[in-house]
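**Q** Could you look at this predicted model? Sequence included:
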Amino acid sequence: MTAFRLFGKSAANEAADRIIAAVSQAARTPDLFGEGGVPDTLTGRFEVMTAYAAVALERLKAAPEAERVAQTFTDRLFRFFDAGLREAGVGDLSVAKRMKALAGAFYGRVGAYGPAFDDADALAAALARNIWNAPEVPLAPVLAARLRAVRDRLAQTPLAAVEDAAVWAPGG
């Protein structure tokens, strides 16, 4: 029995918050942004966060005992996105419309990245298309390699390691 099986609602909330913190830290790695990198915008940060979140969800959904944590992670992630929009000054009347669009984009990307995780070229192409709206971008294979490395590390460690920020770090 893993620690996740023992999680009640409160523990699932805490686990989801730790996973979001780890994913967020990985998605904010400074070398991903800047000249030739991911645009340092709300959209760019959303795209990278979504790519890392797809890795987390894949690992969580692979373990039936983590179902509650996976759902809580997704719910809290959308609250995180909502808070980001509000902090950026998006008006209350626009937030619901923007969140609906973000949800569609999020689930579309998770659906695209899932099967592509097994093929570095396919993942790089999906990242280039979604993040840069281009067929090829030099940073896309680098980001694809990082995501695949995290995915591989998570697959080889206990389920609770998904909460460990060190596992998410480049070269972790």
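**A** Perfect, thanks for sending it.
**Q** And the helices in this protein?
**A** Using DSSP state H, the helices of the chain run over residues 9-27, 42-61, 67-87, 92-116, 120-127, 139-155, 165-168.
**Q** Quick one: closest of those helices to Gly36.
**A** helix 139-155 (6.4 Å; Cβ to Cβ). For every residue, glycine as well, the C-beta is placed using N, CA and C.
**Q** in that closest one, what counts as buried?
**A** 139-144, 146-151, 153-154 (16 or more other Cβ atoms under 10 Å).
**Q** Equivalent analysis for stretch 88-96, please.
**A** Buried, per 16+ other Cβ under 10 Å, within stretch 88-96: 90, 95.
**Q** Now find how far off-centre it is within its chain.
**A** 22 Å (Cα atoms, centre = their mean, to the nearest Å).
**Q** again, but for stretch 140-150
**A** Distance, centroid of stretch 140-150 to centroid of chain: 12 Å (Cα atoms, centre = their mean).
**Q** Quick check: the spatially most central residue of the chain vs Phe106, distance?
**A** Closest residue to the average C-alpha location of the chain: Ala53 at 1.8 Å, with Cα atoms, centre = their mean. Using Cβ to Cβ, to the nearest Å, Ala53 is found at 8 Å from Phe106.
**Q** Likewise for Asp164?
**A** Note on Asp164: its distance to Phe106, by Cβ to Cβ, is 24 Å.
**Q** do the same with Ala124
**A** 20 Å.
**Q** so where's the protein uncertain?
**A** For the chain, the stretches with pLDDT under 70 are 1-9, 172.
**Q** and the buried residues of helix 139-155, which two are the farthest apart?
**A** Going by Cβ to Cβ, the pair spanning the buried residues of helix 139-155 furthest: Leu139 and Leu154, at 22.2 Å.
**Q** For Thr43, grab the count of nearby residues.
**A** 12 (other Cβ atoms under 10 Å).
**Q** rewinding a little: and of the helices of the chain, who's closest to Glu35?
**A** Among these, the nearest to Glu35 by Cβ to Cβ is helix 139-155 (10.3 Å).
**Q** Does the residue nearest to the centre of the chain touch Phe78 like I think?
**A** No: assessed by Cβ atoms under 8 Å, Ala53 is found out of contact with Phe78, at 10.3 Å.
**Q** sorry, back to before: and Asp164 and Phe106? Which one has more around it.
**A** Taking neighbours as other Cβ under 10 Å, Asp164 and Phe106 compare with Phe106 leading, 21 against 17.
**Q** How about Lys61, nearest residue that isn't a chain neighbour?
**A** Ranked by Cβ to Cβ, 6 or more residues apart in numbering and with sequence neighbours excluded, the top spatial neighbour of Lys61 is Ala70, at 5.5 Å.
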